Each structure stands twice: as structure tokens, then as C-alpha cells.
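S.K.: Build me a model:
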Amino acid sequence: RPDGTIPVARLYVENLSRQGTARLFYITNVFVFEETGRENRERWQCGAELIGSGQPASDVELILLAAQILRNLDIGDIQIQLSHAGMLKALIKELKLNPEEEQKLTDQILEGNWQVLTEAKLGNSTASKFMSLLLDLQGKSSSFLENLKALPGLSTRLTSALENFTTITTLLDVLGYTYRIDITSTTDFEYYTGLCFQFSARGSRVGSGGRYDSLIPLIGGKNTPACGFALYVDPLISLVQPKIKPNAQKKVSVRCATATPETLKASFQLADSLRQAGYIAELDFDSRHSNWRWAISVQGKTPTFLITDQMQNEQQEASSIADVIRIIGGST
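M.R.: Numbering: from 1, shown residues only. Sure, this is the predicted structure:
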């Protein structure tokens with residue numbers, strides 16, 4: 001499949017539409033057409049879809065969710081680019097083209113030729129001025145969009161799209177999120193109906209999304225607003241740096257002296273706590289010899305822990321898991 005959203009939308013139409021709003025996520029592989037043939041055409045992506053809400057706050061919620069996921073991956077500064085398909089479509093309608101001419105113009109824009117818009121003759125001077133300002137709109141804030149709303153003679157369609165875009169950017173401003181407006185940044189504006197957004201990190205595009213209110217009806221559902229995003233797994237994997245925990249080179253063998261319910265429970269708890277503390281812990285139920293520095297034997301009905309430092313040939317006893325980690329962590 002070329003897209004992860006359409007199967008999710010179909011799932012909603014066939015199984016979930018009666019419940020109204022649905023929040024869904026997916027992880028899937030998609031097929032991407034790559035002309036050079038030098039890159040893998042099968043890509044993995046994960047995404048989230050919010051179906052049933054047309055509020056601007058829903059678009060913002062998805063931007064924040066995606067940004068939080070990317071921040072948690074610790075891949076560096078995340079850049080957010082915003083565009084608005086509704087504004088672009090409204091501008092194209094201002095050209096008063098016949099369907100064939102409109103499709104030809106749209107195809108050229110989808111191929112990245114934005115110059116055709118500046119060369120087109122608009123039906124009125126206000127729309128022409130708006131187009132010029134819009135195409136130059138890069139890096140501006142919501143206040144600049146507010147100024148565009150003051151232009152006289154804008155069509156109802158254009159005013160509505162601009163109002164929606166302004167509401168979203170104002171909310172992002174209030175929340176302290178930085179973004180860059182670049183109306184030419186989207187290449188899928190035919191698919192989207194409203195806000196479009198992209199995420200980049202260290203020069204790589206790592207995700208995108210937007211509002212697609214026309215999709216659900218196209219696959220047999222009722223008129224239902226929807227928005228979503230996809231994060232691109234392949235570039236993200238290349239950006240994620242392996243985190244070497246300070247204790248990662250310390251390996252611990254956890255052994256049960258007698259396999260009773262109490263000692264088994266304590267052994268599993270000890271191994272889990274050691275791993276959370278950054279150690280490599282291996283459960284040994286067969287009393288195998290290990291050349292790892294640390295061997296801990298879990299003993300007794302009220303389990304105690306016999307710690308063996310096999311490098312120093314020393315032993316000491318601990319009465320709690322916290323003491324075990326303290327003793328191991330204090331050794332050099």
C-alpha cells in the first residue's frame with residue numbers, strides 16, 4: 001500500500017463510525033515510488049489518526065503528540081513547517097479556470113512548480129496581492145496571518161481557510177511551540193483539505209500530516225472530519241543514537257540456590273531492578289560457570305542475596321535489592 005491512512009479510514013467506516021470520534025494508531029510498511037532506484041521502496045511508518053473532530057485544537061493536538069514522540073527519541077531539534085491546503089485550493093478557485101485547466105495547474109504545483117501561481121492572472125487585484133503575500137510567507141507568525149485577514153474583498157472560501165490557519169498558529173504560539181510557515185512546503189495539498197505540517201530533524205524529513213476531511217466520504221462513509229500524521233521509521237532509526245548507560249558494561253549473573261516460589265520471585269525482581277539500573281542481568285537456573293564479574297545467589301525463604309565479586313574473589317551478603325545495587329555500584 002502507498003499510504004497508512006487509507007486502511008485506517010476504511011477500518012473506521014466499516015467498524016467504528018457509529019461511535020463518533022475515534023483515535024487510532026498504526027505501524028505498517030508502505031510502498032514509496034523512488035525514481036532513482038537507489039533507495040528501498042518499502043518504508044516503515046507509524047502514525048495516528050483522529051477521526052470525527054473538525055476542531056482546530058484537534059490539529060494542534062496531533063502536532064503536539066508527534067512532537068513529543070520525536071523529542072522522546074532525542075534526535076536533536078525538531079523543526080515544524082506549516083502550510084494550509086484549504087488556502088491554496090481557495091486561491092486556485094480565484095483563477096476561474098475550467099476543470100481541465102485547473103487540473104493542469106494543480107498537476108504543475110504538485111510537481112513543485114509554484115511559479116505557475118505567480119504567472120497566473122487572478123480574477124481581482126485583492127486576490128492577486130494575497131497570492132503574492134502568501135507565496136512570500138516563510139517563517140512569519142500568526143500575527144502576519146491576522147494582517148492578511150484585513151485585506152478587503154477576500155472570498156468567503158479564502159477567508160474561512162485563513163481564519164482556520166490563524167486559529168491553529170495562534171494556539172501554537174500560546175503553547176510556546178516554534179514553527180515555520182511555508183505555504184509551498186506541502187506536496188500533497190490535493191489530498192489534504194486544511195492544515196498540512198511536516199517535521200524535520202538534522203536535515204531529514206521525519207514525519208508529516210494534516211487534515212483530510214474529504215477522505216471518509218470517498219471510501220463510502222458519511223461526511224466526517226479527520227486529521228492525522230505519519231512518522232517515518234527508517235530515517236528516525238538512522239538518527240537515533242544508541243544510549244550507552246553508565247552501567248552497561250557491568251554484567252551480573254543471578255542464580256537461585258533453591259528454586260522455591262520465594263527465591264524465584266526474588267530472582268526475577270532482582271534481574272528486573274538490575275536492568276532498570278542499566279546493568280546486563282542474566283538469570284541462571286542451571287548453576288553454570290560464568291566469567292562475568294558479578295554472581296548473585298538468591299537464598300532462603302526470606303530471600304537474602306549472596307554477592308560474589310569473581311574478579312576480586314570476595315563475597316558479601318545483602319538483605320535487599322537496593323543494597324545489592326548499592327554494593328555493585330560502589331565497586332570499581
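S.K.: For the spatially most central residue of the chain, list the residues it contacts.
M.R.: Of all residues in the chain, the one closest to the mean position by CA atoms, centre = their mean is Ala66, 3.5 Å from it. Residues near Ala66 by CB atoms under 8 Å, 6 or more residues apart in numbering: 48, 199, 207, 209, 229, 231. (C-beta placed from N, C-alpha, C; glycine too.)
S.K.: Glu282 now?
M.R.: Contacts of Glu282 by CB under 8 Å, 6+ apart are 251-254, 271, 290, 292.
S.K.: Residues in a beta bridge with it, which ones?
M.R.: Beta bridges link Glu282 to Ser253 when assigned by DSSP bridges.
S.K.: Tell me the confidence at it?
M.R.: Note on Glu282: pLDDT of 89.
S.K.: do you know how far Lys93 is from Pro99?
M.R.: Lys93 sits 12 Å away from Pro99, going by CB to CB, to the nearest Å.
S.K.: Those two: which has the busier surroundings?
M.R.: Legend: neighbour count by other CB atoms under 10 Å for Lys93 and Pro99, higher for Lys93 (15 against 7).
S.K.: For the more buried one, grab phi and psi.
M.R.: With angles defined as degrees, to the nearest 10, Lys93 sits at phi -60, psi -30.
S.K.: Contacts only, for it.
M.R.: Lys93 neighbours (CB under 8 Å, 6+ apart): 155, 157.
S.K.: how close does it get to Thr167?
M.R.: Counting by CB to CB - Lys93 and Thr167 are separated by 21 Å.
S.K.: now do Asp309
M.R.: Distance from Asp309 to Thr167, by CB to CB: 64 Å.
S.K.: Compare those two (neighbour count), which wins?
M.R.: Taking other CB under 10 Å, Asp309 and Thr167 do not tie; Thr167 has more neighbours (18 against 15).
S.K.: Before we move on, what's the pLDDT of that one?
M.R.: Note on Thr167: pLDDT of 93.
S.K.: Confirm for me that it is in contact with Pro56.
M.R.: Yes. With contact defined as CB atoms under 8 Å, Thr167 and Pro56 form a contacting pair (4.4 Å).
S.K.: Am I right that Cys227 is in a helix?
M.R.: No. With DSSP: H, G, I helix; E, B strand; the rest coil as the criterion, Cys227 is located in strand rather than a helix.
S.K.: Identify each buried residue in the longest helix seen in the chain, please.
M.R.: The single longest helix within the chain, with elements called by DSSP state H, is helix 156-174. Residues of helix 156-174 classed as buried: 158, 161-162, 164-172 (neighbour count, 16 or more other CB atoms under 10 Å).
S.K.: And for stretch 277-296?
M.R.: So, applying 16+ other CB under 10 Å, buried residues of stretch 277-296: 277-281, 284, 292-296.
S.K.: Give me the distance between the two termini of that stretch.
M.R.: One end of stretch 277-296 sits 16 Å from the other (CA to CA, to the nearest Å).
S.K.: Number of residues surrounding Ala48?
M.R.: Neighbour tally, Ala48, other CB under 10 Å: 20.
S.K.: Okay, and the beta partners of it?
M.R.: Counting by DSSP bridges, the residues bridging with Ala48 are Phe25, Phe229.
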